[in-house]
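1. only geometry, no sequence info:
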């Protein structure tokens, strides 16, 4: 039987490092040489190529790639007919969806989409912007922006449609957000024919499961501790309400239990002192790579 490989596209650019980090937590170690678009990965059944997220869906749709990671926004922009495998809640800086927004200079009279009638707009998301304007019955000139979109208003255009996670770059360029056109998250997509191939589908589903597990673990840690039988009830009461039942097991020494639980990292600094007061000892906090539900 000939060697089988999944041809997988990963985003080059702003999402590259966060994607590599996510794959590392999922168990896939990716290394790339300078100026190379073909990284090495510790799985002989995967062949990776780096592409801009903006063009990923076109190559997946055409079958040049079996699958890829890109944004839902670019699938929509390219109107690509692909299989959406799973949503991965991560972006460049945060786990929040990115937003494509209409932004104008702080002193602009534009306060809604209706005020764009006859105006000029710069954006990378040309097709989606045109559809949005048409849905609102507005005619405006939409031009493709090759980058540095924030600096083009008001001298070159009246408004921009740009992507943002936090809005800090827009504020730094003295722009205000008027409306949100769409929200987008990172997704795994597959070529329709490749998705019907049992081996490729199984391989991609396994990768997606591990990536999703790595994301689930991103804001969580594990806690281990020892507790006397007499203190167990108090320690359990110190754990956050609504938490899934912790694992409790007997220690070799009679009268003691070992307790293990997964919690959100943001609450650890609050509950560890409470657990100590309640009677827990030997408390260990450890990071998690994957949480599979």
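-> Done, it's in. Nothing here was measured: the structure is a model prediction, and the numbers come from that model.

2. pLDDT weak spots in the stretch 51-200 of the chain?
-> For the stretch 51-200 of the chain, the stretches with pLDDT under 70 are 92-95.

3. In three-state terms, label the residue nearest to residue 292 when sequence neighbours are not counted for me.
-> Using CB to CB, 6 or more residues apart in numbering and skipping residues adjacent in sequence, the residue nearest residue 292 is residue 213, 4.4 Å away. (C-beta placed from N, C-alpha, C; glycine too.) Of the three states, residue 213 takes helix under DSSP: H, G, I helix; E, B strand; the rest coil.

4. Also residue 35?
-> Applying three-state DSSP: residue 35 is coil.

5. Touching, residue 24 and residue 41? I think so.
-> No. Using CB atoms under 8 Å, residue 24 makes no contact with residue 41, being 10.4 Å away.

6. Next, show the common contact partners of those two.
-> Common contacts of residue 24 and residue 41 (CB atoms under 8 Å, 6 or more residues apart in numbering): residue 30.

7. For this protein, which segments count as helices?
-> 16-26, 53-62, 72-78, 126-135, 168-172, 192-195, 198-216, 232-238, 268-278 (DSSP state H).

8. State the pLDDT value of residue 1.
-> If you check residue 1, the pLDDT there is 40.

9. same deal with residue 275?
-> pLDDT, residue 275: 96.

10. And for the one 4 residues further on?
-> According to the per-residue confidence, residue 279 scores 96 in pLDDT.

11. okay, residue 24 and residue 41: which has more neighbours?
-> Counting neighbours by other CB atoms under 10 Å for residue 24 and for residue 41 shows that residue 41 has the greater number, 18 against 13.

12. I'd like to know how far the residue nearest to the more buried one when sequence neighbours are not counted sits from residue 86.
-> Using CB to CB, 6+ apart and skipping residues adjacent in sequence, the residue nearest residue 41 is residue 30, 5.0 Å away. Taking CB to CB, to the nearest Å as the measure, residue 30 and residue 86 are separated by 19 Å.
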